[in-house]
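# Structure here, sequence nowhere to be found:
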């Protein structure tokens, strides 16, 4: 049986919601959270656990601060000069099509 994009999406959502109804949220995301935090962990084998945790948390905060800074810069580019006026929105007919249907059957 071949599913179109909309049907496959709905089946995936049903499966995800069913899984979430049967298991605690923290057990479903433990591996993902561990993998995400591993990106920020220092490679120094001589660090004790407390120092490793402190540096990992500091690296995560630095990463999030950088994302906030870049987001702020991107918002600033969307204004016309220093007047504070927002640029005109992209007309609907020139926007990229959404991958989700606006009015599902």
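Yes, it's here. All values reported here derive from a predicted model rather than from experimental measurement. Residues are numbered from 1 along each chain as shown.
# Show me which positions of the regular element (helix or strand) spanning residue 66 end up buried.
For residue 66, the host element (DSSP states H and E) is helix 49-77. Across helix 49-77, burial judged by 16 or more other Cβ atoms under 10 Å covers residue 56. Where C-beta positions appear, they are placed from N, C-alpha and C, glycine not excepted.
# residue ranges with poor pLDDT in this protein?
80-105 (pLDDT under 70).
# how about 90 then?
1-3, 25, 75-105 (pLDDT under 90).
# all helices of it, in order?
5-22, 25-38, 49-77 (DSSP state H).
# Which neighbouring elements make contact with the shortest one?
Applying 3 or more Cβ pairs under 8 Å, 6 or more residues apart in numbering; DSSP states H and E, one finds that helix 25-38 contacts no other helix or strand.
# And for it, what's in contact with it?
The contact list for helix 25-38 (Cβ atoms under 8 Å, 6 or more residues apart in numbering) reads 19, 20, 56, 60.
# at 10 Å what do you get?
For helix 25-38, the external contacting residues (Cβ atoms under 10 Å, 6 or more residues apart in numbering) are 16, 19, 20, 22, 24, 53, 56, 57, 59, 60.
# List the buried residues for it?
Across helix 25-38, burial judged by 16+ other Cβ under 10 Å covers no residue at all.
# what angle sits between it and helix 49-77?
90 degrees (axes from the mean of the first three to the mean of the last three Cα atoms, to 10 degrees).
# now helix 25-38, how far from the centre of its chain.
Distance, stretch centre to chain centre, for helix 25-38: 14 Å (Cα atoms, centre = their mean, to the nearest Å).
# now the angle from it to helix 5-22?
Using the same axes, to 10 degrees, helix 25-38 lies at 110 degrees relative to helix 5-22.
# Which one of the contacts of helix 25-38 is nearest to residue 41?
Proximity of these to residue 41 (Cβ to Cβ) peaks at residue 56, which lies at 4.8 Å.
# from memory that closest one sits against residue 41, does it?
Yes. Using Cβ atoms under 10 Å, residue 56 is in contact with residue 41, at 4.8 Å.
# Please enumerate the shared neighbours of those two.
Listed contacts common to residue 56 and residue 41 are residue 47; contacts here mean Cβ under 10 Å, 6+ apart.
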